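Student: Turn this into a structure:
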Amino acid sequence: MRLDEFFEESDPLMPPFFEIVLGLIVVLAVIGFVGAIVAGVIRYRTTKRMAIRSGMTEADAAGFAMTSEHGLEAAFVADRLAGVVSAPTATATVEERLAELATLRDKSLISAEEYDDKRRRILDSL
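Tutor: The predicted structure follows:
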């Protein structure tokens, strides 16, 4: 049997085996690609939602979700800790709180802007 006779006898509706395999590989690659995109979108949305619930602004939460390698895990922990109330501590007087705040500023542990903001909050709580 010659090669041209083989092609004449083959069924024109049935593609050769390698075309079937190639088609399956392309279909699986497309499914994998779409699956990866869907998984990424779900991870991003979940991370952003948890970060917002933990108290971040929407812009910070979006940045956190996009740039952090472990964003989902960190957002989960932050979300779980957001509702945790720490053990009650002795309430410091306004004078003690302001003195501690000034000490932090003097040691350069907080900026002048942070000092002003916290000082204003303390005084507003009166």
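Student: make it CA atoms for all contacts and neighbour counts henceforth
Tutor: Noted.
Student: how about the helix or strand hosting Leu22: buried residues?
Tutor: Assignment of secondary structure by DSSP states H and E places Leu22 within helix 17-53. Residues 43-53 are the ones in helix 17-53 that count as buried (16 or more other C-alpha atoms under 10 Å).
Student: what stretches of this protein score poorly on pLDDT?
Tutor: 1-16, 61, 64-66, 68-69, 71-72, 74-76, 78-90 (pLDDT under 70).
Student: Domain ranges for it, per the record?
Tutor: Domain assignment for the chain, taken from automatic domain parsing, gives 17-82, 94-124.
Student: Just put the buried residues of helix 17-53 in CSV and tack on distance to Ser111.
Tutor: Putting these into CSV (distance: C-alpha to C-alpha, whole Å) gives the following:
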residue, distance to Ser111
Arg43, 35
Tyr44, 33
Arg45, 33
Thr46, 33
Thr47, 30
Lys48, 29
Arg49, 30
Met50, 29
Ala51, 25
Ile52, 26
Arg53, 27
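Student: What is the most widely separated pair among those?
Tutor: The span of these, defined through C-alpha to C-alpha, is set by Arg43 and Arg53 at 15.4 Å.
Student: dump the residue contacts of Ala102.
Tutor: By C-alpha atoms under 8 Å, 6 or more residues apart in numbering, the contact set of Ala102 is Tyr115.
Student: How much space separates it from Tyr44?
Tutor: 40 Å (C-alpha to C-alpha, to the nearest Å).
Student: try Ser108
Tutor: 36 Å.
Student: burial count for the closest residue to Leu98 other than its chain neighbours?
Tutor: With C-alpha to C-alpha, 6 or more residues apart in numbering as the criterion, Leu98 has its nearest non-adjacent residue at 6.7 Å, and that residue is Arg119. Arg119: 16 surrounding residues under other C-alpha atoms under 10 Å.
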